[in-house]
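Asks: could you look at this predicted model? Sequence included:
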Amino acid sequence: MNKNLRKVVIAGNWKMNKTATETKALLAEMKEKLPQTDATILLCVPAINIGTAMESVKGTAINIGAQNCHWAKNGAFTAEISADMLNDFGVKYAIIGHSERRQYFGETDETVNKRAKACLESGISPIICVGENLDEREKDITKDVIRVQIEKGLADFTAEDMKNSIIAYEPVWAIGTGKTATAQQAEEVCAYIRELLAGLFGNETAQAVTIQYGGSMNAKNAAELLAMENIDGGLIGGASLKAEDFATIVSCAN
Ligand code: 13P
């Protein structure tokens, strides 16, 4: 399988932005501006706005996703949200293990693994985030960091689980900084991730997995990044909050 046969997924991560009212307005603008595409378009909104967003995109090709998901089926986990709750809303994708969750909310590779498995059990595709920080890149240990995140994050996954998952490579130093990885830097790590997946699940499975790049992807640099052999989509923060920019990124995927 080559790049052309993999599913291209252009996903926005709205992080903690937009009220319900603003969500409706931005989605109305997105519906007007987004081009026709074969790529999967996904917007991961704050959990409280998933219902509103689902309503707004009804009948369009826009998918609404979550930014996190708890690992338990239900129970005494105040403020948490389960995979079944997301599934009941029609959510098909959830970001898991974003670096901001790891940095500010104590997320570890073990909890990433548990959350991702809970998603899979409820028919939700986890978008599992990995990435090195600046210190790790400067120490030239990027691949070691990624290998541990992949091996632990995907512990006990079957090949089928892997085929239903997406990996997002997001170098922490490139997130929200305006400092994008070069297409070559991003491709090198995404190719390495695919190599790791081949070792764990076999080449056929590895070739089928969508690997996204995220970190200051924008309307100007998207085309070059998305053209790389092992980059099958984007996970976009800031630029996904602007309909025009997000539309340009989607058009780069065509
Ligand atoms: P930015 O595109 O704002 O750098 O954010 C990337 C990101 O964290 C997406 O999950």
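Replies: Received the coordinates, thanks. Numbers count the residues shown, from 1 in each chain.
Asks: so what's the residue most central in space within the chain up against?
Replies: In the chain, the C-alpha nearest the mean C-alpha coordinate belongs to residue 127, at 4.3 Å (Cα atoms, centre = their mean). Shown in contact with residue 127 (Cβ atoms under 8 Å, 6 or more residues apart in numbering): 9, 11, 44, 65, 93-96, 165-168, 212, 235. Just so you know, the C-beta spots here come from the backbone N, C-alpha and C atoms, and that holds for glycine as well.
Asks: ok, now with 6 Å
Replies: By Cβ atoms under 6 Å, 6 or more residues apart in numbering, the contact set of residue 127 is 95, 166, 168.
Asks: doesn't it lie inside a helix?
Replies: No - going by DSSP: H, G, I helix; E, B strand; the rest coil, the assignment for residue 127 is strand, not a helix.
Asks: tell me where the chain has helices.
Replies: Under the criterion DSSP state H, helices of the chain are mapped to 20-33, 50-57, 83-88, 99-104, 109-121, 134-138, 142-153, 159-163, 183-201, 203-208, 222-226, 243-252.
Asks: put the alpha carbons of the fourth one into PDB.
Replies: Think helix 99-104. Coordinates of each C-alpha in helix 99-104 appear next as PDB, following Å, rounded to 0.1, in the frame of the first residue of the first chain:
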ATOM      1  CA  SER A  99       1.100  16.900  24.700                       C
ATOM      2  CA  GLU A 100      -1.000  19.500  26.600                       C
ATOM      3  CA  ARG A 101      -2.700  16.700  28.500                       C
ATOM      4  CA  ARG A 102       0.700  15.100  29.200                       C
ATOM      5  CA  GLN A 103       2.200  18.400  30.300                       C
ATOM      6  CA  TYR A 104      -0.600  20.000  32.400                       C
END
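Asks: tell me which residues of that helix come out buried.
Replies: When burial is assessed from 16 or more other Cβ atoms under 10 Å, helix 99-104 yields the following buried residues: 99, 100, 101, 102.
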